[in-house]
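# Just need the structure, nothing else, for what follows:
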Amino acid sequence: MMPASRRRTRPVIAWAFYDVSSSTWAALLPSLFGVYFVQGLASGRADATALWGIVAALSFGIAGVLAPFVGAFVDTRGRWLGPLAAATALCSLSTVALALAGPAAMALTTALFVAAQVGYTLAASLYDSLVRRVADASKIGRVSAFGWASGLCGGIVAILAAIAIVRVAPAEAQVARLDEVFLLAGLLYAALAVPALLGLRGLARESRTGEPPVAPARDAGTTVWNTLRHWRRHREPFRFLAGYYFINDALVTLVVFVAIILRERFGLTVEGLLWLALLYHAIAAPATLAFGLGADRWGPRRTTFAMVAILAAAVVLLALGTARTTPVAVVALLGLVYGSIQAVSRSWLSQLATPGKAAELFGFNATAGRLSAAVGPLAFSAVATATGSDSAAILSLLAFLAVGVAILSTLPARGPIAAPPALLSRSAPHRN
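Here you go, the predicted model:
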């Protein structure tokens, strides 16, 4: 029989390894596809950047609408491994297909990117909801950070491989090599996700033990509607989602536009952008672990507010900085907090979530994140068009951060929640 300590550790490792697989996609697609779209698919069009904002908003919006229904479907049926695998397949296969379609098929390539983004978002919301199943209640923050930091290591590997692909081409031809980078991202995601999903099978069997009979799939829609009708029963999670909506608006808008801004303002090549991405990951991995420990020690609210202050400094520097070192400084600041904010937020929501509603509430978390992401690029483009200044559009993100902090400050500063029944049933109290 497998020792108890190994039974507790194995799900954490498998869960974190899935973050490694998905992060190979996240490290390359969201920001680099914007460059590929503006300077490849829509090259020569005056409205290329604005059009990219619309595409990004569409992909985030569709994912945000679907996420709570998928989460409720998982909660009512008590089975999450199959939906997680299906969302993973949608993302990886769509990514491989868009890479093969190439820049000549603009409509098809764009539609495949939207499908890939939807698959990635649905998979991420299901994956995030599992943190309560794999982590001891007193260590949710550090386990969440461990998963995020592990994922950043996967991103580093993907970026190094992408640099090797693009650097053999001259600077003016590097955008054309991005389809090979996207092919790499799709294949890496699929190849690394398979062992992670296999490793999670034991946790999936444990999740089904003692659960009620499988509910019809149509009950997912009813469940979502009832949750919205009776939102006061989940007042704190929904208040958290409202605050996170505004902070995430700034986060995702930066992802959508930062590579384009740095390339246009500072003349960076694709290889230069990849080296900056590598710097981000190298800083983000230890920073995420540190902030995760801080969240367990000082609480997620205080830790989040400290990270938002650093993010605000990065926004101001990106908007007003003109020195040649500005891109490095901006990326270093983002590396400190970008992933850390999301990892701590994941652990914070897991503490607030009602038992038996975790996947659905994380689906609403994806909704808040992706619908805000849909609004963010559109608002950014609107401010930039109205003022004629990208700097003004960047500074407008500070308002979103301020509103988010104001809402989150109304939540109680609480310690870790009591462990859910699945965790209490484990015999030994040691770390998973």
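
# Quick check: which ranges of this protein have low pLDDT?
1-8, 72, 75-78, 135-141, 204-235, 346, 349-374, 412-432 (pLDDT under 70).

# Nearest residue to the middle of it?
Closest to where the C-alpha atoms of the chain average out (Cα atoms, centre = their mean) is residue 124, at 6.7 Å.

# nearest spatial neighbour of it, skipping sequence neighbours?
Closest residue to residue 124 apart from its sequence neighbours, by Cβ to Cβ, 6 or more residues apart in numbering: residue 22 at 6.6 Å. Where C-beta positions appear, they are placed from N, C-alpha and C, glycine not excepted.

# Check residue 142 too.
In this structure, residue 142 finds its nearest non-sequential neighbour in residue 292, 4.7 Å apart by Cβ to Cβ, 6+ apart.

# can you count the residues close to the one you found?
Using other Cβ atoms under 10 Å, residue 292 is surrounded by 28 other residues.

# Next up, the contacts around it.
Contacts for residue 292 (Cβ atoms under 8 Å, 6 or more residues apart in numbering) come out as 141-146, 148-149, 340, 343-344, 347.

# and the gap between residue 389 and residue 125?
Per Cβ to Cβ, to the nearest Å, residue 389 is found 35 Å from residue 125.

# neighbour count winner among those two?
Neighbour totals were compared for residue 389 and residue 125, and residue 125 leads with 30 against 13 (other Cβ under 10 Å).

# and the more buried one, how far is that from residue 67?
Relative to residue 67, and taking Cβ to Cβ, residue 125 is found at 5 Å.

# Closest to residue 11 out of the contacts of residue 292?
Minimum distance to residue 11 across the contacts of residue 292 is 10.2 Å, recorded for residue 143 (Cβ to Cβ).

# From what I see, residue 19 and residue 124 are in contact.
No - with contact defined as Cβ atoms under 8 Å, residue 19 does not reach residue 124; the gap is 9.2 Å.

# got the buried residues for stretch 38-52?
38-42, 48-52 (16 or more other Cβ atoms under 10 Å).

# Farthest-apart pair in those residues, please.
40 and 50, at 16.3 Å, using Cβ to Cβ across the buried residues of stretch 38-52.

# quick one: contacts for residue 396?
Contacts of residue 396 by Cβ under 8 Å, 6+ apart are 379-380, 383.

# In contact with the residue nearest to residue 124, which residues?
88, 120, 123-124, 127, 151, 154, 189, 193.

# let's go with 7 Å and repeat that
Residues in contact with residue 22 (Cβ atoms under 7 Å, 6 or more residues apart in numbering) are 120, 123-124, 151, 189.

# What's the local residue count around residue 320?
Quick note: residue 320 (other Cβ under 10 Å) scores 11 neighbours.

# Leaving out sequence neighbours, find the closest residue to it.
residue 391 (6.4 Å).

# No more questions from me, cheers.
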